[in-house]
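Asks: show me how the following folds:
(chains A and B)
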Amino acid sequence: GENVEQHPSTLSVQEGDSAVIKCTYSDSASNYFPWYKQELGKRPQLIIDIRSNVGEKKDQRIAVTLNKTAKHFSLHITETQPEDSAVYFCAAVGLGGGADGLTFGKGTHLIIQP
Amino acid sequence: DSGVTQTPKHLITATGQRVTLRCSPRSGDLSVYWYQQSLDQGLQFLIQYYNGEERAKGNILERFSAQQFPDLHSELNLSSLELGDSALYFCASSVASRTSGRGTDTQYFGPGTRLTVL
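Replies: So this is what the prediction gives:
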């Protein structure tokens, strides 16, 4: 089945700086890669997603890049703000295992220092 | 608010007991997914239903089962509970299923049920 590795596990950046979180996946047939933000005790909230026919997608301060050859994708947050502090999860959907079940990375705890 | 509802919010029970978690998907969504989140295992996919039928299984234990009813709400049944089953259980929904021919749709998560097994 699919396996997703996520780095780093903790990321501390100064307010206003950029943050980058990287993920790799194992199933070359995977074709959908969402990113979720989760605040303590709350539900995961989708912040951006990308499908395998697109290399990059941007939504205001958030962007995701996908490299299918290398099987990795990254989340970029620019001009970070205190409200960006949360745990971020990458995920992938592969054809093996669950048909549409998301396989998640272990999460990155993003800390925005004032 | 994602439009996905889950009840109850919190559940405290004892080892060996059986509980039922309930989920109502967003209006119009046919697929329901169950996920377990724990410190040890992270966020794990358990099972998916599409329009009343089981579509896919993930890391779901044999002690756990689920079903989706004609009105599309879903229930996750957890039996012979163990201390290690304590976790947050999330339900998510999406419009369709990849196998329905629509491709992979966005999954929206409910607020979760926090299960504590004592």
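Asks: which bits of chain A sit near chain B?
Replies: A:31-32, A:34, A:36, A:41-46, A:49, A:51, A:89, A:93, A:97-107 (CB under 8 Å from any CB of the partner chain). Bear in mind the C-beta positions are built from the backbone N, C-alpha and C, glycine included.
Asks: try it again at 6 Å.
Replies: Applying CB under 6 Å from any CB of the partner chain, we find that chain A lies next to chain B at A:Tyr32, A:Arg43, A:Pro44, A:Val93, A:Gly98, A:Ala99, A:Asp100, A:Gly101, A:Leu102, A:Phe104, A:Lys106.
Asks: point out the least confident one among these.
Replies: pLDDT across these is lowest for A:Gly98, at 47.
Asks: now find how far off-centre the lowest-mean-pLDDT helix or strand in chain B is within its chain.
Replies: Across the helices and strands of chain B, the lowest-confidence element by mean pLDDT, DSSP states H and E is strand B:53-57, at a mean of 90. Distance of strand B:53-57 from the chain centroid (CA atoms, centre = their mean, to the nearest Å) equals 12 Å.
Asks: for it, which strands pair with it and how are they oriented?
Replies: The strands beside strand B:53-57 in its sheet (DSSP bridges) come out as strand B:42-50 (antiparallel).
Asks: which residue sits closest to the residue nearest the centre of chain B, ignoring its sequence neighbours?
Replies: Central residue of chain B (CA atoms, centre = their mean): B:Trp34, 2.5 Å from the mean position. In this structure, B:Trp34 finds its nearest non-sequential neighbour in B:Leu46, 4.3 Å apart by CB to CB, 6 or more residues apart in numbering or on different chains.
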